[in-house]
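A.B. asks: sharing a model prediction with you, sequence too.
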Amino acid sequence: MLVDTIVQKAGIKPTDTILEIGPGTGNLTKKLLEAGKMVIAVELDPRMVLELQRRFQGTPFSNRLKVIQGDVLKTDLPYFDICVANIPYQISSPLTFKLLFHQPAFRCAIIMFQREFAMRLVAQPGDNLYCRLSVNTQFYARVSHLLKVGRNNFRPPPKVDSSVVRIEPRKPRPEVNHKEWDGFIRICFIRKNKTLGSIFKQKNVLSLLEKNYKTLQALQDSQNVSLSGNDDMEIARLGDESMEMDDGMDDDMDMECDEAEGEGEVSEFKNKVISVLKEGKFEEQRASKLSQESFLTLLSMFNKAGIHFS
Ligand SMILES: C[S@@+](CC[C@H](N)C(=O)[O-])C[C@H]1O[C@@H](n2cnc3c(N)ncnc32)[C@H](O)[C@@H]1O
């Protein structure tokens with residue numbers, strides 16, 4: 001029943017190649033093959049791989065099934081049109097971002113997630129679960145909640161409910177420097193219910209931004225390097241790990257909240273930051289209620305003022 005719904009919701013076309021992640025013993029694989037599709041199945045467990053191969057060997061389907069044994073996170077994925085996945089929930093976030101950055105972009109992915117993760121993916125400004133994960137995912141893809149799957153659909157029932165979500169990568173992909181965007185969103189969501197004014201007055205935030213500002217200024221002064229070519233520069237980001245491995249659910253990060261007060265250059269830089277926020281009327285706004293367009297506007301205003309996040 002669930003398998004049929006997934007096949008139906010995927011909007012599969014006759015010539016589509018399907019990437020199936022975590023096929024297990026192949027119940028969905030069988031449906032897809034019966035429907036005439038090319039299926040590439042990526043499965044971690046060698047016993048499941050053997051079982052899959054045995055199940056379809058010598059059948060008319062075998063030439064349309066390619067099984068790759070390995071960890072989907074570490075596998076170079078081949079071309080596919082549609083992805084279907086029922087995966088262990090601990091890889092939800094890295095898999096989502098791996099798919100979002102996959103090239104060439106596929107048409108859509110139908111994935112079962114833990115309910116709360118799914119609701120974060122689709123949360124809108126003002127929703128309780130709206131977080132960095134929502135903003136980042138929706139920036140790169142259209143995301144919709146397709147159906148709820150209660151824990152009692154499984155034997156034995158797991159501890160959590162699930163949901164099936166549809167992810168359609170935006171085409172073309174937004175032309176924003178990803179590290180810059182992620183660094184900026186990270187700061188805005190340090191405390192998603194605090195005003196941006198108070199977040200951007202924090203000492204640690206200001207000193208990080210000022211460090212970037214000075215690095216970029218020095219490079220521009222001495223080498224006349226354009227900002228777009230700064231990929232190799234050693235500039236700082238908050239919590240400098242890759243977003244691909246980070247679920248973006250860590251709103252209200254535990255950070256020092258001291259406001260910067262000092263004299264001289266720090267307060268001069270602070271004024272620069274605050275004047276950008278004031279000019280865009282962002283000082284009293286909160287990340288928890290800001291739309292993607294507003295985030296983009298603010299980022300572009302900061303960049304115009306020479307303030308960068310990556
Ligand atoms: C929740 S089971 C789903 C099985 C099957 N799709 C079903 O619906 O009955 C998850 C499957 O993903 C596989 N798996 C777990 N981690 C994986 C990874 N990193 N890469 C590829 N497959 C993985 C497991 O071996 C298992 O077969």
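C.D. replies: Thanks, I have it. No experiment lies behind these values; they were computed from the predicted model shown.
A.B. asks: drop to CA atoms for contacts and neighbour counts, all remaining ones
C.D. replies: Will do.
A.B. asks: okay, buried residues for stretch 6-24 please.
C.D. replies: Neighbour counts using 16 or more other C-alpha atoms under 10 Å place 6-7, 10, 12, 16-24 of stretch 6-24 among the buried residues.
A.B. asks: ok, and of these, which contact the ligand?
C.D. replies: Applying C-alpha under 6 Å from any ligand atom to the buried residues of stretch 6-24, one finds that Ile21, Gly22, Pro23, Gly24 fall near the ligand.
A.B. asks: partners of the strand or helix carrying Ile18, with directions?
C.D. replies: Secondary structure here is read from DSSP states H and E; on that basis Ile18 sits in strand 17-21. Each strand pairing with strand 17-21, determined using DSSP bridges, is listed with its direction: strand 38-43 (parallel), strand 82-86 (parallel).
A.B. asks: tell me the mean pLDDT over the longest one?
C.D. replies: Going back to what we said before, that points to strand 38-43. Model confidence over strand 38-43 averages 98 on the pLDDT scale.
A.B. asks: how is the residue of the chain positioned farthest from its centre assigned, secondary-structure-wise?
C.D. replies: Relative to the mean C-alpha coordinate of the chain, counting by C-alpha atoms, centre = their mean, the farthest residue is Gly58 (40.2 Å). For Gly58, the assignment made with DSSP: H, G, I helix; E, B strand; the rest coil gives coil.
A.B. asks: buried stuff in stretch 158-165?
C.D. replies: Judged by neighbour count using 16+ other C-alpha under 10 Å, the buried positions of stretch 158-165 are Asp161, Ser162, Ser163, Val164, Val165.
A.B. asks: from those, which is closest to the ligand?
C.D. replies: When these are ranked by distance to the ligand (C-alpha to the nearest ligand atom), Ser162 comes first, at 11.2 Å.
A.B. asks: in the chain, where's the longest helix?
C.D. replies: Looking across the chain with DSSP state H, the single longest helix is helix 203-223.
A.B. asks: how far is that helix from where the chain is centred?
C.D. replies: 27 Å (C-alpha atoms, centre = their mean, to the nearest Å).
A.B. asks: so after it, what's the next helix or strand?
C.D. replies: Tracing the chain past helix 203-223, the next element assigned as helix or strand by DSSP H and E is helix 264-279.
A.B. asks: tell me the buried residues in that next one?
C.D. replies: Applying a neighbour-count criterion of 16+ other C-alpha under 10 Å, the buried positions in helix 264-279 are Val266, Phe269, Lys270, Lys272, Val273, Ile274, Ser275, Val276, Leu277.
A.B. asks: for Lys66, phi and psi?
C.D. replies: phi -120, psi 120 (degrees, to the nearest 10).
A.B. asks: so who does it touch?
C.D. replies: Counting by C-alpha atoms under 8 Å, 6 or more residues apart in numbering, Lys66 makes contact with Val39, Ile40, Ala41.
A.B. asks: list just the nearest of the buried residues of stretch 6-24 to Arg64.
C.D. replies: Of all the buried residues of stretch 6-24, the one sitting nearest Arg64 is Thr17; the distance, using C-alpha to C-alpha, is 9.4 Å.
A.B. asks: ok, now which ones touch that closest one?
C.D. replies: With contact taken as C-alpha under 8 Å, 6+ apart, Thr17 is in contact with Lys37, Met38, Val39, Ile40, Tyr79, Phe80, Asp81, Ile82.
A.B. asks: select only the buried ones of those residues in PyMOL?
C.D. replies: For the buried members of these, the matching PyMOL selection, counting by 16+ other C-alpha under 10 Å, is:
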select buried, resi 37+38+39+40+80+81+82
